[in-house]
Structures are given as C-alpha cells and as structure tokens.
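Asker: Predicted model and sequence follow; I will ask about them next.
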Amino acid sequence: MDPNDPNGADAPQKNANAPLVVVDGMIYYGDLADINPVDIESFDVLKDASSAAIYGARASNGVIIITTKKGKKGKPVISVSTSTGLAYVSPDHYDLMNGAQFIARRIAGYEANERRQTTIGAGYYQKYDNLPSGVTLDQWKAYDGSGSAPDLDAIWLNRIGFAPIEVKNYEAGNETDFSKYSWQTGMTQDYNLSASGSSDVVSYYMSLGYTKNEGIRYNESFETIRSRINLEINITDWLKVGTNTQIAFRDESPIAVGYSLYNTPYSSMFEDDGKTLLFAPSGYVNAPNFWLEMRFHDRFIKYNTLNSKIYGTLTLPFGFSFTSEFIPRFNWNRDYESWSSGHQLWAAYGGQASRQNTTIFEWQVNNMLKWNKTFNVHAFDVTLVQNAEQYQYWRDYMYRQRFLPSDVLGYHRMQSATENIEISSDDQVSTGDALLARLNYTLMSKYNLTASFRRDGYSAFGQSNPRASFWSAAGGWTISEENFFKVPWIDILKLRLSYGTNGNRGVGIYDALSNLNIGKYVLFTNGTAGYVSQLYTSRMANSGLKWERTSAYNTGLDFSIFKGRLRGNIEAYYKITRDLLIPRQLPNITGYSSVFSNMGQVDNKGFEIALNSVNIGKKDFTWSTDFSLSFNRNKIIHLYGDYVTDPVTGVKKEADDIANRWFIGHAVDQI
C-alpha cells in the first residue's frame, strides 16, 4: 500500500473558485507564498464585471491586483530589514490533563457507559480507599470475582481500562507530560535586502529575502528564499523595455509530529533505556507513537519557481502606443519520500520510497494597441488586446518496495528495490486565446462611460463550443464636480453603475473528451479460468460542453469627506451564474458514473460597506482605522433546467428529463 498520494500538491488543475491574482499586470498562477510582502507597493481588489473584464474568463471570481515596488527618482536607496519572533502555545489554550484528572475522567466515562447498559455495584470503578458509604472492601473486590486477589491497585486499574504499561507507571508514580513532545517554541526569522533607484533612462528595484518560520508543532518549519528584479529602460523617446522577474525557492520537507490525543499521562514515550521510541506509548497497538513517523519517514519537498514578464512599449504618433509582453512561468518541483522498515507498521514492506518530479512551463503573449487622446472636454482611452497562451505539465512518478540489502538510502537509490508498485507519467497541455476591445470615455472629468467586448477561447471545452463572447458596460457620475453641488465638507462623491457578463473555464484540461483505459478480467472457458485484456472508455465525452456564464449588476457610491479624513464606499450587487460546470451523475445503465456538463443556475446578491478613517495623520505618526461590513445571500435557483416542451412527446417536463435521455443515448452510442 502506497502511503503517498501521487496526485497531491502538484496536480495540474488550478483552483477554479479562487480569485484571479494579477501581479504587475501579469496573470499570476504561482503560490502567494513566493511573493515577498516587502516587495508589495499596493494591493487592490476588483469585484464588478466591468473593471475585471480585461482579464476575461479567469476573472469570474474577482481579481486581486498586486503592484510591486519600482525605483524612485533621487539618490539610490539601499534598504536592509530584519525581524524575529516567537510562536508558542499558551498553556491556557492547550492544557493536558494530569494523572488525577485523567483518572477522574476515565471513571466518569465508564460509569456513564455502564448506566446506559447494565447495573453495576456501587463504587465499582472507585479506588479501594475511596469507596462509597456502606460498601466494604470485600464487597468491592467480590464484584468481579477477585476476592482473593492481593494487588488492589491491579484490580482497580484493570476495571478502568489501564494497560500494563499504564499500571506500571501508576505504581511507580511516573507521569509523562506529552506537551513537550507535541509543541515547540518556534522562531520566525525574516531578512531582506533591496536596492532601488531611478533616472531619466533607467528605473530599477532589486530585492533578496530569506524567511524561516518554525511553527508551534514539534519539528514544523517553512523556509524560502525569494528574489525580485523590476527593471525598466528608456532606450529612446519612443521605445522603452523592461522586465518584472521573481524567483523563489521553497523547502517544505520537515515533517511535523502528529497529535498525542491517544496518549495518557501514564503512557511512556521511550523504552527503559530512555532512547528507543516505544511503539505504543499507552500500550494500545492502534495508537502508535506519534514520533515514529518523524523518525522513520524521510521527505524532500522543494518548489522552485520563476515568474517573469518581459515587455516593450512603442510610443506612436497621434496618441497611440503599442505594447508587447511575453510572460513565461517555470516550476520545477521535487517530492521524494521514503518510509523505513524500522517502523513496525511498515516493516512488512521491506522499505518503501517514491520519487515525483513535476515540471510546469506556461507562457502568455499579449499585444496591446492603445489610443489615448483628449479633445477639449472629451477624453478617450481605447484599448485593443490580442492574447495567446499555452500551459504544459510533465510529471514522472515511481514507487518501489523491498530494498536490498537495506533501505537505509531510501529514495536516493531506487534501483535497490526489488518490487515495482507503480511507475507512471502524466503529460498535459492546454491552449487559450482572446481578443478584447475596450473604450473609456470621460466628459468634463465628471461623466464616465466604459464599454468592453471580449472573445475567449479555451482548448478544454467541447469541440462545439471552444469560444464564447462576453461584454460589459459601466457608467460613473462624479456628483461632487457639479456646479450645483456645494457641500464644503464632502471632497468626493461618485455614483457608479455597471453590468457585465463573464465566463468561467474551471474545467479539467481533458474533461470534455473521452479516454481509453486498459485492464484485465477473468474469463472461464471450459472450466478453466484465464485473464483477458480489455480496452474500455472510463470517461464520457461531451462535445457540447461550454463556458459557465455569469451576469453581474453592480451599483456603488464612493465618497471622501473632511479632506480625506474619512473615505469609503457602499456597493450592492446581483450576480446570476448559469450553465455551471458540474460533473453530472448518470444512471448505471450508461456504463459511466458521471459526465462533465453545464447545468443549473445560482444567484448571489448582497452589499458591502467599507470605511477608512485617518484619526491622526502627522509627519512622524499615523493612526488609521478600517471598517468593513458585508452581506451575501447565495441561492440555488435550479440544478438541471427550466421546464421545457419535450420535442418527442410534446409534454412539458423539466429540462433534466430530456437531457438525461440524450446523455443515455449518447453514452450507449459511445459504448
């Protein structure tokens, strides 16, 4: 049995329900732990469909905008920062029972259990020197026929379920505080070095950071090295080039100990020599020593990532500019593990080890043509975008058992094993493309109109619907800029309205396609059994699979009063999501358990209130307060469809009845 899950941390599918993260204008699929907080200049959230439309289908769950630091004009700035801290468990938070408390709990538990099942003698579970009034020692001993037993402690402790090792420790007066084996005082360390500067020709920001955080569980730790370079060069008045590159190395190898909830104060951590770990501290084989895995399980987990954007911008006549971006992402991940035969539970396997190597290469190309022009009170900002992308994933995995002559080298010498349990590989690829047109129009700096149209394509959808179109429109009115508005203590008052459609492409790369598997089954011929190879489909295709679609209505009010002392916004929204991407359960007669399909409708509506106040704003001291309130109601309108007229019978039925008939017929055709 393989203790490892080969489809765990490196599984290629991205979280379809997570918001889209955009770092310095590039879509970021890496781990947020790889971004050094010291490098972040600003953090914004886009929620309405219009503002997120430029990012297309991937923005269906909102967009988080992260902008990292750039060089500022003036003298070069070198920054060094360091911080340390301690993490520990408060005794009030996790206080283990001592021996007396444990015995009282055990007695109460046994007595409560017996009251539900049968009648026992008074004081049966009580210690012999603390019997109820009217119960003699002989009566107490005679309850279970132990009247002649000389060891009273043994009688009592056996009644309350003590194992031999617990009896031994009780009689010797030994109690074990397992908290010192479960928790640790962890140290957090963070060191950062950065250099930045800017001139008329070059702007640069470079940083290097090291972080090591130890957790509160024994042997728990996280270690990472992160580096960044943001560079922009003005080659001429009409051409600038630059890069935003981040590289990170993460180590998640340490194995934190498990919890000691099954150990009692009278359990033992070690054998009599005080060094060898006892297999069952409490005497029960179903509760092995929680330090054994840390001692006999070796793990090497390293994540190496590179996220970069390389771009060039041409400044053209008549307010036009053209930007081309190449955005590569590399991941090199290693997950090696071994389980030593020194652990009694794993000894039968003669040593086990696995090696998993995962590589991800992903790239995007964006070409953007922009026109920005102002005519008197009219301001135009037009953006045209062409996008292409590709995602590639490679995974190699092997798992072997029975190492000879010894498993001491574990995953370092896989060829020493004599049994191949699994050797597998998984290569995947997906592509996408998009075209976008967006117009921003401002009249007299107080009336705003935004409109966009986007055409998205994704290879994972059915052959009939690889592309979909989405659009949005939004308007804004800055009321405080009107001549009739004369409220001196209100700085800004702006009303916003928007409507837009967006899509979700959160589906597995090959979920719309059928696949072939091989296997064997037993065939009896003339009384003789034999294995026969088979080739079968394990996934049903759905060529009609299409984009999940969300329509969103938003209205909001932004304000700032008392010269920026109090700022905030009030926003209400209503979102309708149709054609949800869901595995649809199928009748067994089809030969398939489910098929990925579009069905159902879910509505979300609610409001959000956000306030920020600057209580004290002086040169050397600032005190601000943030307050937020939100309400959301999620409702499933239907799961399968509206009532429609069956084209075969002419009877009104729920759409699911008709769809099931099609799915069953389609499945039979595939079989």
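Answerer: Right, received. Where do you want to start?
Asker: Partner strands of the one helix or strand residue 334 maps to and their direction?
Answerer: Taking DSSP states H and E as the definition, one finds residue 334 inside strand 320-339. Here strand 320-339 is paired, per DSSP bridges, with strand 297-315 (antiparallel), strand 352-375 (antiparallel).
Asker: Buried residues in it, which are they?
Answerer: Within strand 320-339, the residues scored as buried using 16 or more other C-beta atoms under 10 Å are 323, 325, 327-331, 333-339. All C-beta spots, glycine's among them, are computed from the backbone N, C-alpha and C.
Asker: so which two of those are the farthest from each other?
Answerer: 323 and 339 (52.0 Å; C-beta to C-beta).
Asker: most residues in a single helix of this structure, which one?
Answerer: Longest helix in the chain by number of residues, with DSSP state H as the criterion: helix 99-117.
Asker: Any chance you could list what contacts that helix?
Answerer: For helix 99-117, contacts defined as C-beta atoms under 8 Å, 6 or more residues apart in numbering pick out 97, 120, 124-126, 159-161, 170, 175, 264-266.
Asker: can you check stretch 529-539 too?
Answerer: Under C-beta under 8 Å, 6+ apart, the answer for stretch 529-539 is 510-511, 513-523, 592, 595, 670-671.
Asker: and residue 341, which of the three is it?
Answerer: Under DSSP: H, G, I helix; E, B strand; the rest coil, the three-state class of residue 341 is coil.
Asker: Isn't residue 313 up against residue 237?
Answerer: No: at 11.8 Å, residue 313 and residue 237 do not qualify as touching, with contact defined as C-beta atoms under 8 Å.
Asker: ok, these two, which is more surrounded?
Answerer: Neighbours per residue (other C-beta atoms under 10 Å) separate residue 313 from residue 237, with residue 313 holding more: 19 against 7.
Asker: Bridged to the more buried one, which residues?
Answerer: Bridge pairing for residue 313 - DSSP bridges - gives residue 240, residue 323.
Asker: returning to that earlier point: now do the helix or strand just after the longest helix of the chain: everything it contacts.
Answerer: Next helix or strand after helix 99-117 toward the C-terminus (DSSP H and E): helix 137-142. Here helix 137-142 makes contact (C-beta under 8 Å, 6+ apart) with 121, 123-124, 126, 128, 131, 147, 149, 152, 155.
Asker: which among those gets closest to residue 464?
Answerer: Nearest member of the contacts of helix 137-142 to residue 464, counting by C-beta to C-beta, is residue 124, at 74.1 Å.
Asker: how about that closest one, phi and psi?
Answerer: Phi and psi for residue 124, reported as degrees, to the nearest 10, are phi -60, psi -40.
Asker: Could you chop this structure up by domain?
Answerer: 99-174, 444-671 (automatic domain parsing).
Asker: Of those, which is nearest residue 86?
Answerer: Here domain 444-671 is closest among the domains of the chain (C-beta to C-beta), at 26.7 Å.
Asker: Ignoring the adjacent residues along the chain, who's closest to residue 425?
Answerer: residue 396 (5.1 Å; C-beta to C-beta, 6 or more residues apart in numbering).
Asker: Next, the one you found: secondary structure please.
Answerer: When classified by three-state DSSP, residue 396 comes out as strand.
Asker: Sheet-wise, list the partners of the helix or strand encompassing residue 613 with their directions.
Answerer: Using DSSP H and E, residue 613 maps to strand 594-617. Within its sheet, strand 594-617 is paired with strand 566-585 (antiparallel), strand 622-638 (antiparallel), according to DSSP bridges.
Asker: Off-centre distance for that strand?
Answerer: Put simply, strand 594-617 sits 19 Å off its chain's centre (C-alpha atoms, centre = their mean, to the nearest Å).
Asker: And that strand, what's buried?
Answerer: Applying 16+ other C-beta under 10 Å to strand 594-617 flags 595-602, 608, 612-613 as buried.
Asker: Just to be sure, residue 156 is in a helix?
Answerer: Yes: using three-state DSSP, the assignment for residue 156 is a helix.
Asker: Now do the contacts for it.
Answerer: Listed by C-beta under 8 Å, 6+ apart, the contact set of residue 156 reads 125-128.
Asker: For the residues you listed, which entry has the maximal number of neighbours?
Answerer: Going by other C-beta under 10 Å, residue 125 tops the contacts of residue 156 with 19 neighbours.
Asker: what's it in contact with, if anything?
Answerer: 107, 110-111, 156, 159-160.
Asker: among the residues you listed, which two are most distant?
Answerer: 111 and 156 (13.6 Å).
Asker: Quick check: PyMOL command selecting the buried ones in the contacts of helix 99-117.
Answerer: With 16+ other C-beta under 10 Å as the burial test, the buried ones among the contacts of helix 99-117 are selected in PyMOL as follows:
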select buried, resi 124+125+126+159+160+170+264+265+266
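Asker: The contacts of helix 99-117: which two are farthest apart?
Answerer: Taking C-beta to C-beta, no two of the contacts of helix 99-117 sit farther apart than 120 and 175, at 28.0 Å.
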